[in-house]
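1. kindly generate the corresponding structure for this input.
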Amino acid sequence: MSVLSTAVRVLLLEDSELDAALIEDELRRGRVEFTLTRVETRTGFLEALHHFRPAVIFADCKLPAFSGVEALEIARNDAPHVPFVFVSGTVGEEAAVELLKAGATDFVLKDGLVRLIPVLNRALKEVQERLALESAQAELSSCNSELEQRVLDRTLELSAKNAIMEEDLRMAHELQIALLPRRFPTLPKDCPPSESAVRISSLYRSSHMVSGDCFNVTRLSDTKLSVFICDVMGHGVRAALVTAMLRTLEEQLGEKAADPALLLGEMNRAQCHIFEEAETLVFATACSMTVDVAAGTLTVANAGHPCPLLVSGAQKGVTPLSASASRGPALGIFSDAVYHNELHPLAKDDLILLFTDGLFEVENADAELFSEDRLRETVAQHTELPPDPLVAAVVHDVELFTGRTTFPDDICVVAVQVARLATSASSAA
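-> Presented below is the predicted three-dimensional model:
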């Protein structure tokens, strides 16, 4: 039985009317619906190939004016997908192999036409399968091309969005840097830095484009200075936004900076109120201090922040400020948190070092933590240095310990040294 449901266009290259009739009879016995065109010459074969557009070609090997071998060569060039079956009297084995290599589909001997229908069905089935495969491959290729285009479009879209985000982050970075002090105040106001009662140095490095650390130094009077430092939990944009908010709060509450505990309390209540509807906890450690060169005192309040270090100018010792018992919780956790001031005497050449935990919470190649204790020991090795080189030396020692010049967390370091007390300046005058 035929595998086709539509009439098969058969091109028959045959010079014998009797053999042609036998082939047609065999097709009818096989219940094949067909339309047949018989040709005997090259011209007739070419015309039928292009206008009749056969689904299968049956060809005798030898004709008086044209051969099946020539017809095969033409068919392979002009209709490569059309099955080409030799129907011949005799074909030697070697000749058959060569013709198969040349592109013939199969052979049917004229005295064995019973094979004609199975050969036809198999050949046409192979054509169907090949066409289906080519269609599937074409569809797959089209899908791949479409997918590649979609990926390309999406990549371009993401690249454009990334460029916008990078530009936004760059601007955020610039704005965040702008929030940091560009010049430090002098005591008294408008005096040359070389004659100021305080000398100030700072170092600020962000581990990302934007940072969760910030600090500020403001003049309260001609003899008083306020220093504020904070470290917001986490990294990246969220931490940077909270940092900017805290920096703004600190500036808005500037009149309370003379009382560090009061300043931290007000900032804590404001932060808790702002984030009370948030689903996640957002907190920040902070430390505020007031340097009074007239009274020779340092007032410190701490909200869960690493203890600042006091470097004695006379004894060259290093003392942690803000005992654990007096440290309050980080900002943004408890709205009713209470913070306390600690009062410390200050002498000429004393230096106060404030920092965020990114400076000491680093590990070396052996997973050994640098730690606050090691930081205190490191500072003790550089007590003879003024603020700028002291900060640089401490950071350099941490880099040597870790074996790298980058830090996994943001770092912020501020050093304030008392160059002279106001009472000393008065007596010197």
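2. for stretch 22-37, what is the distance to the chain centroid?
-> 67 Å (C-alpha atoms, centre = their mean, to the nearest Å).
3. what mean pLDDT does stretch 10-17 have?
-> Averaged across stretch 10-17, pLDDT comes to 94.
4. buried residues in that stretch?
-> Going by neighbour count (16 or more other C-beta atoms under 10 Å), the buried part of stretch 10-17 is V10, L11, L12, L13, E14, D15. (Each C-beta comes from the backbone N, C-alpha and C, glycine too.)
5. all strands of the stretch 101-250 of the chain, in order?
-> 106-109, 198-205, 213-219, 224-232 (DSSP state E, counting those that start in this stretch).
6. just for the chain, where's the confidence low?
-> Along the chain, the model assigns pLDDT under 70 to residues 1-5, 323-325, 423-429.
7. the helices in it, which residues?
-> Secondary structure of the chain (DSSP state H): helices located at 17-29, 42-51, 68-78, 93-102, 116-179, 236-252, 260-274, 371-380, 387-402, 422-428.
8. which one of these lies closest to E342?
-> Each of the helices of the chain has some distance to E342 by C-beta to C-beta; the shortest is helix 260-274, at 9.0 Å.
9. pick the most deeply packed of the helices of the chain.
-> helix 260-274 (a mean of 21; mean count of other C-beta atoms under 10 Å).
10. what about D349, distance to V418?
-> Separation of D349 from V418 (C-beta to C-beta, to the nearest Å): 7 Å.
11. any shared contact partners between these two?
-> Overlap of the contact sets of D349 and V418 (by C-beta atoms under 8 Å, 6 or more residues apart in numbering) consists of G313.
12. if you count surrounding residues, which of the two has more?
-> V418 (23 against 17; other C-beta atoms under 10 Å).
13. check which residues of stretch 193-211 are buried.
-> 196-207, 209-211.
14. dihedrals phi and psi, the residue nearest to A365 when sequence neighbours are not counted?
-> Nearest residue to A365 in three dimensions, chain neighbours excluded: G403, at 5.8 Å (C-beta to C-beta, 6 or more residues apart in numbering). Main-chain torsions, G403, degrees, to the nearest 10: phi 80, psi 20.
15. out of the buried residues of stretch 193-211, what pair is the most spread apart?
-> So, those by C-beta to C-beta: farthest apart are A197 and M209, at 37.0 Å.
16. so who does A240 touch?
-> A240 neighbours (C-beta under 8 Å, 6+ apart): A172, Q176, V210, S211, G212, V232.
17. now L390: how far from V232?
-> Taking C-beta to C-beta as the measure, L390 falls 26 Å from V232.
18. K110 against S88, yeah?
-> Yes. Counting by C-beta atoms under 8 Å, K110 does reach S88; the two are 6.5 Å apart.
19. and the two? Which one has more around it.
-> Taking other C-beta under 10 Å, K110 and S88 do not tie; S88 has more neighbours (21 against 17).
20. partners of the more buried one in the sheet?
-> L109 (DSSP bridges).
21. so what's the residue count around the closest residue to K224 other than its chain neighbours?
-> Spatial nearest neighbour of K224, chain neighbours left out: D292 (5.1 Å); criterion: C-beta to C-beta, 6+ apart. Using other C-beta under 10 Å, D292 has 20 neighbouring residues.
22. and D292, what does it touch?
-> For D292, the contacting residues are T223, K224, L298, T299, L346, by C-beta under 8 Å, 6+ apart.
23. please state the offset of stretch 110-125 from the chain centre?
-> With C-alpha atoms, centre = their mean, you get 62 Å for stretch 110-125.
24. please name the nearest non-neighbouring residue to F45.
-> Closest residue to F45 apart from its sequence neighbours, by C-beta to C-beta, 6+ apart: V39 at 5.0 Å.
25. surely that neighbour touches H51?
-> No. The criterion here is C-beta under 8 Å, and V39 misses it with H51 at 11.4 Å.
26. switch the helices of the chain over to a markdown table; also include distance to G304.
-> Output for the helices of the chain, formatted as a markdown table (distance: least, C-beta to C-beta, whole Å):
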| stretch | distance to G304 |
| --- | --- |
| helix 17-29 | 96 |
| helix 42-51 | 90 |
| helix 68-78 | 85 |
| helix 93-102 | 86 |
| helix 116-179 | 22 |
| helix 236-252 | 13 |
| helix 260-274 | 10 |
| helix 371-380 | 14 |
| helix 387-402 | 22 |
| helix 422-428 | 33 |
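27. quick one: K110 from P320, how far?
-> Distance of K110 to P320, computed by C-beta to C-beta: 111 Å.
28. what does L309 give?
-> For L309 relative to P320 (C-beta to C-beta), the value is 6 Å.
29. out of those two, which sits in the busier spot?
-> Higher neighbour count among L309 and P320: L309, with 21 against 14, using other C-beta under 10 Å.
30. which residues touch the closest residue to the more buried one other than its chain neighbours?
-> For L309, ignoring the flanking residues on the chain, the nearest one in space by C-beta to C-beta, 6+ apart is L353 at 4.5 Å. Residues in contact with L353 (C-beta under 8 Å, 6+ apart) are P308, L309, V311, V379, L390, V391, V394, V413, V414, A415.
31. for D78, state which of these is nearest.
-> V413 (83.6 Å).
32. now for the closest one, how many residues are close by?
-> The tally of other residues near V413 (other C-beta under 10 Å) stands at 24.
33. returning to what we had before: so which of the helices of the chain comes closest to T186?
-> Of all the helices of the chain, helix 422-428 sits nearest to T186, with 12.7 Å by C-beta to C-beta.
34. residue nearest the centroid of this protein?
-> Centroid-nearest residue in the chain: N162, 9.3 Å away (criterion: C-alpha atoms, centre = their mean).
35. hmm, who's touching stretch 145-152?
-> Contacts of stretch 145-152 (C-beta under 8 Å, 6+ apart): none.
36. and it, how far from the chain's centre?
-> On C-alpha atoms, centre = their mean, the centre of stretch 145-152 falls 20 Å from the chain's centre.
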